[in-house]
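[1] build me a model:
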Amino acid sequence: MIPPGNPKRRGRSQFILVASLFIVPLATAILLYFSSGWRPMVNTHGMLIDPPRPLSVTGIALADGRPAPSDVFLGHWSVVYPAEACDERTAELLDELARVRIALDKDAGRVRRVLLHGGQCASFEFPSRDADLLVLAAAGPRGAAFRAQFPLAVDGGHGIYIVDPHGNLMMSYPAAGSARGLLTDLERLLRLSNIG
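    Residues are numbered from 1 along each chain as shown. Here you go, the predicted structure:
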């Protein structure tokens, strides 16, 4: 206890106490972050692909048959659905992804849906409201090599993937029942990111 008769010493002690209230937590956080490998827990609904994998864009074509440009995944967030065939399930999932995109409201323009198919969707009818949908064909051995970059999801090899605006594969979701979690994760990503 500081004697009441020494105001200079008491003032210095109070300053040190107040300064330590700010410095000690900051120093502890820095120490934990850089020395022990501890990282704050990030609560995501999808599976984080760590580290993100850059996609090698070869062997894919646009809907009209022209080769896809090498920058096809750059500049925007892409929600990719690799489909083995275009059927009723594919149409339902694309409709669900359209609703997720609409729910993003003002950030909807930063996100694009991508249907990646193995070449069997030439005659598949897409509704006119799917103007934001990019359809890519990945046929033949080179297309199969491109599709192999997407890890298998939980339900039999089908999944939904997020590709960041730098062309990196960064998250995956099971194809069924993941719309709400996908929306939550996209809202967080778009809020925290200035890219795309």
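[2] run the chain-centre distance for stretch 61-77.
    19 Å (CA atoms, centre = their mean, to the nearest Å).
[3] give me the residues contacting that stretch.
    Defining contact as CB atoms under 8 Å, 6 or more residues apart in numbering, one finds that stretch 61-77 is touched by 55, 57, 60, 110-112, 114, 134-139, 162-167, 186, 189-190, 196. Any C-beta I mention is one placed from the backbone N, CA and C, and that applies to glycine too.
[4] mind checking which of these are buried?
    55, 57, 60, 110-112, 114, 134-139, 162-165, 167, 186, 189-190, 196 (16 or more other CB atoms under 10 Å).
[5] export the host helix or strand of R101 as PDB, just CAs?
    Counting by DSSP states H and E, the element that carries R101 is helix 88-103. The C-alpha trace of helix 88-103 is given here as PDB (Å, rounded to 0.1, in the frame of the first residue of the first chain):
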ATOM      1  CA  GLU A  88     -34.200 -32.300 -62.100                       C
ATOM      2  CA  ARG A  89     -31.800 -32.400 -59.000                       C
ATOM      3  CA  THR A  90     -29.400 -30.000 -60.800                       C
ATOM      4  CA  ALA A  91     -32.300 -27.600 -61.700                       C
ATOM      5  CA  GLU A  92     -33.500 -27.600 -58.100                       C
ATOM      6  CA  LEU A  93     -30.100 -27.000 -56.700                       C
ATOM      7  CA  LEU A  94     -29.400 -24.100 -59.200                       C
ATOM      8  CA  ASP A  95     -32.700 -22.600 -58.200                       C
ATOM      9  CA  GLU A  96     -31.700 -22.900 -54.500                       C
ATOM     10  CA  LEU A  97     -28.400 -21.200 -55.300                       C
ATOM     11  CA  ALA A  98     -30.200 -18.400 -57.100                       C
ATOM     12  CA  ARG A  99     -32.300 -17.800 -54.000                       C
ATOM     13  CA  VAL A 100     -29.100 -17.700 -51.900                       C
ATOM     14  CA  ARG A 101     -27.600 -15.100 -54.300                       C
ATOM     15  CA  ILE A 102     -30.800 -13.000 -54.200                       C
ATOM     16  CA  ALA A 103     -30.700 -13.000 -50.400                       C
END
